[in-house]
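Participant: fold the following for me, if possible:
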Amino acid sequence: MFDTRSIIEAAIAKERTRSSWNDRLWHWERPPSDSEETKIQRAADAARLVVDGNATLRAESVQIRPQGSYYNNTNVRLEADMDLRVQLPGIITVYAEGVDPQRAAGAMGYSSTGRSAFQIAGSVRDALASDCRRRFGAGNVTVGKKAVTVDGLSGSRADVDLVPAFRLHHVSDDGYGGYDYCEGVAILSADGTRTFNFPEQHHENGKAKRSRTQHRFKKVVRMLKRLNYELCEQGAIPKRVPSFLVECLVYVVEDTHFLFDEDRYTRLVRVLRRLQVQLGDATWTETATEVNGIKFLFRQAQAWSLGDAKDFVDAALVRLGA
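Facilitator: Next up is the predicted model:
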């Protein structure tokens with residue numbers, strides 16, 4: 001004989017759990033508050049004043065460009081910070097497979113300035129660090145391999161990362177006997193490594209995805225970023241996966257999975273289950289790209305692995321009770 005009361009009580013408990021998750025997800029999907037936005041903008045304004053007032057940086061003709069989660073409107077309330085690119089006018093060139101670099105460089109009109117790009121990046125980083133220490137205090141400034149970080153002040157300004165970068169031209173055969181290039185950003189680290197990013201393509205593709213998904217894409221990104229913090233705090237994953245990876249994982253889920261008329265909890269579970277399928281497909285993972293649509297998500301040297309992504313998605317579904 002079936003225990004009808006137990007079945008009913010279990011159904012009610014499950015519904016209560018769903019309701020509590022929906023309340024939490026509603027909070028998580030929201031962008032930073034007005035006060036946090038103000039702190040972020042103050043940080044950016046202060047950093048711009050440092051750059052504008054430095055003779056070395058002015059001589060290098062640098063320009064300040066926003067990037068990262070704030071620029072892409074996917075930052076959450078635990079990420080009140082600002083990433084600013086200190087854009088240098090020089091061009092770093094990389095060549096697609098099968099392209100003769102010497103011939104392509106001649107055809108495209110590239111020439112050397114005689115200065116090492118790593119030396120230029122280093123001098124700009126040093127100039128930034130020196131002025132930031134004078135303005136904000138040495139104890140509030142950290143110089144890393146890529147960026148100069150200025151710590152925020154409670155109630156006043158947020159953290160800000162200043163990242164020197166060059167223009168990147170990824171040169172390929174145009175199919176007509178000539179050459180074409182895709183423009184991105186090249187970051188030259190103090191340890192001699194180079195990082196290539198495509199922030200403008202990322203920004204435009206994210207905006208388009210948001211529009212195609214009835215503004216749900218970036219909300220789901222924020223939900224999953226906050227869940228990322230919780231999973232780490234609870235020990236369900238050894239460390240938080242990069243926020244950039246979280247955004248890329250949500251982006252690669254097809255638009256149709258965002259368009260069902262359902263509550264937040266069901267939508268998030270649907271996206272995660274679809275990700276489980278995609279991450280288990282070796283053919284798909286071999287060709288999956290970042291939000292920019294250019295750089296491979298798992299095939300190149302990244303700050304994460306395919307295993308990290310799988311573990312994160314599996315842990316998220318367990319936490320949601322799905």
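Participant: what about the closest residue in space to residue 108 that isn't next to it in sequence, distance to residue 96?
Facilitator: Spatial nearest neighbour of residue 108, excluding adjacent residues (Cβ to Cβ, 6 or more residues apart in numbering): residue 179 at 5.7 Å. Glycine gets a C-beta too; all of them are placed from N, C-alpha and C. From residue 179 across to residue 96, the span is 9 Å (Cβ to Cβ, to the nearest Å).
Participant: more neighbours: these two, which one.
Facilitator: Neighbour count, other Cβ atoms under 10 Å: between residue 179 and residue 96, residue 179 has more, with 19 against 14.
Participant: low-confidence stretches in the stretch 51-200 of the chain?
Facilitator: Confidence mapping of the stretch 51-200 of the chain against pLDDT under 70 gives the ranges 70, 76-81, 153-158.
Participant: now the strands for it?
Facilitator: Using DSSP state E, counting those that start in this stretch, the strands of the stretch 51-200 of the chain run over 63-67, 81-95, 141-143, 148-150, 159-173, 179-188, 194-197.
Participant: show me what contacts the spatially most central residue of the chain?
Facilitator: Nearest to the mean C-alpha position of the chain, counting by Cα atoms, centre = their mean, stands residue 244 at 3.1 Å. Residues near residue 244 by Cβ atoms under 8 Å, 6 or more residues apart in numbering: 69, 290.
Participant: quick check, pLDDT for it.
Facilitator: Looking at residue 244, its pLDDT reads 94.
Participant: chain center to the strand or helix carrying it, what's the gap?
Facilitator: Secondary structure assignment for residue 244, by DSSP states H and E: helix 243-252. In terms of Cα atoms, centre = their mean, to the nearest Å, the centre of helix 243-252 is set 8 Å apart from its chain centre.
Participant: hey, C-alpha coordinates of it in CSV?
Facilitator: Output of helix 243-252 as CSV, limited to C-alpha atoms (Å, rounded to 0.1, in the frame of the first residue of the first chain):
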residue,chain,number,x,y,z
SER,A,243,34.8,33.7,-13.9
PHE,A,244,35.8,34.1,-17.5
LEU,A,245,35.3,30.3,-18.0
VAL,A,246,31.9,30.4,-16.3
GLU,A,247,30.8,33.1,-18.8
CYS,A,248,32.2,31.0,-21.7
LEU,A,249,30.4,27.9,-20.6
VAL,A,250,27.0,29.6,-20.4
TYR,A,251,27.6,31.2,-23.8
VAL,A,252,28.2,27.9,-25.6
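Participant: circling back: give me the distance between the residue nearest to the centre of the chain and residue 151.
Facilitator: Distance of residue 244 to residue 151, given as Cβ to Cβ: 22 Å.
Participant: picking that back up, how about the helix holding residue 244: buried residues?
Facilitator: Neighbour-count burial for helix 243-252, counted by 16 or more other Cβ atoms under 10 Å, picks out 243, 244, 245, 246, 247, 248, 249, 250, 251, 252.
Participant: what sits up against the next helix or strand after it?
Facilitator: Later in the chain than helix 243-252, the nearest helix or strand by DSSP H and E is helix 264-279. By Cβ under 8 Å, 6+ apart, the residues outside helix 264-279 that reach it are 18, 21-22, 25-26, 29, 216, 219-220, 223-224, 249-250, 252-254, 257-258, 260, 262, 284-285, 288, 306, 309-310, 313-314, 316-317, 320, 322.
Participant: and after helix 264-279, which helix or strand comes next?
Facilitator: helix 282-287.
Participant: pull the residues that contact that following helix.
Facilitator: The contact list for helix 282-287 (Cβ under 8 Å, 6+ apart) reads 278, 279, 296, 297, 298, 299, 306.
Participant: can you give me the domain boundaries for this structure?
Facilitator: Domain assignment of the chain by automatic domain parsing yields the ranges 34-197, 203-319.
Participant: one step back: which residues are in contact with both of residue 179 and residue 96?
Facilitator: Contact criterion Cβ under 8 Å, 6+ apart; residues bridging residue 179 and residue 96 by contacting each: 171, 172, 173.
Participant: who wins for neighbours among the residues you listed?
Facilitator: That'd be residue 171 among the shared contacts of residue 179 and residue 96, by other Cβ under 10 Å, with 20 neighbours.
Participant: doesn't residue 94 make contact with that residue?
Facilitator: Yes: contact criterion Cβ atoms under 8 Å: residue 171 and residue 94 qualify, at 7.1 Å.
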